[in-house]
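*Asks:* what's the 3D shape of this:
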Amino acid sequence: MRCLAHTGLQGIAASVIPRCFRWPFGRVTLYPLRYWWKGKDSNLRTPKRADLQSAAFNHSATLPPTGRPDRQQSSRIIAIFDRLSTGLNATVGKIRRVPLRAGSVGGDGLWSGMLFHPTTGSRHPIMGQMEPRPALAPVRNDWSVDELVEIYETPLLDLIDHAARVHRLYHDPRDIQRASLFSIKTGGCPEDCAYCPQSAHHAEVRLTRDRIMEPATVVAAAAEAKAAGASRFCMGAAWREVRDGAEFDAVLEMVRGVTAIGMESCVTLGMLRPDQARRLAEAGLTAYNHNLDTSPEFYTRIVGTRTYQDRLATLGVVRAAGIKLCCGGIIGMGESNRDRAALIQMLAAQSPHPESVPINALVAVPGTPLAARPPVEALELVRMVATARIAMPQSQVRLSAGRRNLTPEAQVLCFLVGANSIFSGEKLLTTPNAEEDGDVALLRAVGAYP
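*Replies:* Numbering: from 1, shown residues only. Model prediction:
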């Protein structure tokens with residue numbers, strides 16, 4: 001790489017600009033470029049456009065829809081970085097980075113930004129390729145509970161920094177998915193989950209029980225959610241387990257209909273057999289939600305009608321059918337920090353990790369055994385999201401129930417440490433959710449892709 005200035009610095013350019021250098025995210029490999037500066041005195045001038053070979057990155061319309069370059073484009077990308085100022089500071093002045101995007105290390109591991117000269121205001125695109133440090137963001141299935149407790153209880157500013165860097169190694173932080181959760185059969189569930197207002201065991205809960213909805217009605221609701229910006233439509237039925245018959249046939253028709261309109265489809269139906277999972281896969285189901293809820297040790301204080309092993313067996317059935325897993329849990333039910341770490345340990349022990357990890361904060365519903373539980377503190381949810389991101393760096397971490405109680409600033413902090421999906425819409429099955437207009441404004445404020 002060369003950098004030529006009017007004062008004749010051609011000879012020292014090679015010695016002050018290394019091929020690779022250390023960045024907080026890992027090693028950055030630079031692409032060679034004849035980068036010519038036209039200078040006078042100490043001012044940094046705009047390079048000749050023909051010399052940049054970076055016109056594709058001056059206009060977002062020339063990029064893929066996500067704004068991220070593909071592998072073929074990356075071979076043409078140029079990179080200039082702030083170490084330029086180490087040897088050339090007296091001539092070109094201080095140059096600082098203005099980060100724009102980060103690509104996926106699972107793909108090309110691209111990092112992009114702008115060079116900005118504070119005197120002239122000149123801005124020039126830069127791009128490098130990152131190789132992640134294994135110690136920073138390993139993909140592991142052997143986390144211990146003690147390790148995860150230590151991560152969860154890390155001083156908050158250090159935890160935020162760690163999780164944010166891991167998040168940017170594997171994900172574009174501006175890529176935040178909107179999903180919609182819809183109840184297709186409400187109430188009357190035979191399970192006794194202490195947090196759930198749909199349980200038939202909680203007679204004091206005021207909830208109208210509904211039979212399973214018509215497929216056409218559900219698909220119409222999915223189309224409305226898509227028009228509002230959702231790309232995934234999740235359908236929940238208050239069942240203990242799937243039973244063959246007209247109701248399951250209706251669910252299969254719903255899945256086919258949601259898939260046909262170009263949305264990801266997800267269902268949560270309770271336990272299921274391998275043949276039922278196969279039929280869901282054949283219908284085009286994207287993901288199956290089946291949460292572990294909490295740690296194995298705390299679980300029996302929350303659920304008595306289904307064992308932890310039942311839940312793990314269902315996850316195995318879903319995986320064997322080739323369906324993606326949506327699996328997470330709930331905090332705020334009276335569990336300890338160690339229980340929260342143990343939940344993440346059980347999730348991360350899945351191989352591969354669940355593609356989606358919903359993190360829920362308890363919504364205490366009158367009439368349920370947990371109605372008197374206090375609201376979850378926002379920073380506890382931030383810690384949970386950050387720990388999940390570090391333990392499962394490739395997974396999509398979804399801010400789910402309880403988000404309505406978070407301020408916009410708390411939600412942004414969750415995005416910073418690794419949350420990259422939210423449920424939008426007025427309700428999450430039967431509990432209130434954040435207002436849709438507020439979500440639109442929030443995502444616009446953080447610069448999320450539409």
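
*Asks:* How about residue 414: what's its closest non-neighbour residue?
*Replies:* Spatial nearest neighbour of residue 414, chain neighbours left out: residue 385 (5.0 Å); criterion: Cβ to Cβ, 6 or more residues apart in numbering. Every C-beta, even on glycine, is put in place using the N, C-alpha and C of the backbone.

*Asks:* pretty sure the one you found contacts residue 420?
*Replies:* No. When contacts are counted by Cβ atoms under 8 Å, residue 385 is not listed as touching residue 420 (9.8 Å).

*Asks:* joint contacts of those two?
*Replies:* When contacts are counted by Cβ atoms under 8 Å, 6 or more residues apart in numbering, residue 385 and residue 420 are jointly contacted by residue 397.

*Asks:* Need the contact partners of the host helix or strand of the residue nearest to residue 414.
*Replies:* Secondary structure from DSSP states H and E places residue 385 in helix 378-391. With Cβ under 8 Å, 6+ apart as the test, helix 378-391 has contacts from 137, 140, 143, 148, 151-152, 156, 159-160, 162-163, 166-167, 328, 331-332, 340-341, 344-345, 347-348, 357, 359, 361, 395, 397, 399, 402, 406-407, 410, 413-414, 417-419.

*Asks:* Give me the buried positions along it.
*Replies:* The neighbour-count check on helix 378-391 (16 or more other Cβ atoms under 10 Å) flags 378, 380-391 as buried.

*Asks:* do stretch 271-291 as well
*Replies:* Within stretch 271-291, the residues that count as buried by 16+ other Cβ under 10 Å are 271-272, 276-281, 283, 285-291.

*Asks:* Just the CA trace of that stretch, in CSV.
*Replies:* Included here for stretch 271-291 are C-alpha records, laid out as CSV according to Å, rounded to 0.1, in the frame of the first residue of the first chain:
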residue,chain,number,x,y,z
MET,A,271,-44.5,-31.4,23.1
LEU,A,272,-44.6,-33.3,19.8
ARG,A,273,-43.6,-36.6,18.2
PRO,A,274,-41.1,-37.1,15.4
ASP,A,275,-43.8,-37.8,12.8
GLN,A,276,-45.5,-34.5,13.7
ALA,A,277,-42.3,-32.6,13.5
ARG,A,278,-41.7,-34.1,10.1
ARG,A,279,-45.1,-32.9,8.9
LEU,A,280,-44.4,-29.4,10.2
ALA,A,281,-41.1,-29.4,8.3
GLU,A,282,-42.8,-30.5,5.1
ALA,A,283,-45.3,-27.7,5.5
GLY,A,284,-42.4,-25.2,5.4
LEU,A,285,-42.0,-24.4,9.1
THR,A,286,-38.9,-22.2,9.8
ALA,A,287,-38.6,-22.6,13.6
TYR,A,288,-40.2,-24.3,16.6
ASN,A,289,-40.4,-22.4,19.9
HIS,A,290,-40.0,-24.5,23.1
ASN,A,291,-38.4,-22.6,26.0
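
*Asks:* gap between the residue nearest to residue 389 when sequence neighbours are not counted and residue 309?
*Replies:* Computed as Cβ to Cβ, 6+ apart, the closest residue to residue 389 that is not its neighbour in sequence is residue 418, at 2.8 Å. According to Cβ to Cβ, to the nearest Å, residue 418 stands 29 Å off from residue 309.

*Asks:* which residues of the stretch 101-250 of the chain score low on pLDDT?
*Replies:* Flagging of the stretch 101-250 of the chain using pLDDT under 70 yields the residue ranges 101-137, 206-208.

*Asks:* redo that, cut-off 50
*Replies:* Applying pLDDT under 50 to the stretch 101-250 of the chain picks out residues 101-119, 121, 123-133.

*Asks:* And the buried ones among the contacts of helix 378-391, selectable in ChimeraX?
*Replies:* Remark: buried members of those, expressed as a ChimeraX selection using 16+ other Cβ under 10 Å:
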select :137,143,148,151,152,159,160,162,163,166,167,328,331,332,340,341,344,345,347,348,357,359,361,395,397,399,402,406,410,413,414,417,418,419
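
*Asks:* Now, the contacts of helix 378-391 that are in strands?
*Replies:* 331, 357, 359, 361, 397, 399, 419 (DSSP state E).

*Asks:* For the last one, name its beta-bridge partners.
*Replies:* This points to residue 419. Here residue 419 sits in beta bridges with residue 397, going by DSSP bridges.

*Asks:* Please apply the same query to the fourth one.
*Replies:* Residue 361 has these beta-bridge partners by DSSP bridges: residue 331.

*Asks:* Please identify the buried residues of stretch 440-450?
*Replies:* Within stretch 440-450, the residues scored as buried using 16+ other Cβ under 10 Å are 440, 442, 443, 448.

*Asks:* Please flag which of those residues sit within helices.
*Replies:* By the criterion of DSSP state H, membership of the buried residues of stretch 440-450 in helices covers 440, 442, 443.

*Asks:* out of those residues, who's nearest residue 319?
*Replies:* Ranked by distance to residue 319 (Cβ to Cβ), these are led by residue 443 at 31.5 Å.

*Asks:* ok, the spatially closest residue to that closest one that is not a sequence neighbour - contacts?
*Replies:* Leaving out its chain neighbours, the residue that sits closest to residue 443 by Cβ to Cβ, 6+ apart is residue 176, at 6.2 Å. The contact partners of residue 176, by Cβ under 8 Å, 6+ apart, come to 415, 419, 420, 421, 422, 443, 446, 448, 449.

*Asks:* how many neighbours does the first one have?
*Replies:* Pointing back at residue 415 there. For residue 415, the count of nearby residues is 23 (other Cβ atoms under 10 Å).

*Asks:* Do I have it right that it meets residue 443?
*Replies:* No. In this structure, residue 415 is not within contact of residue 443 by Cβ under 8 Å, at 9.1 Å.

*Asks:* domain parsing for this structure?
*Replies:* For the chain, automatic domain parsing gives the domain ranges 2-132, 145-446.
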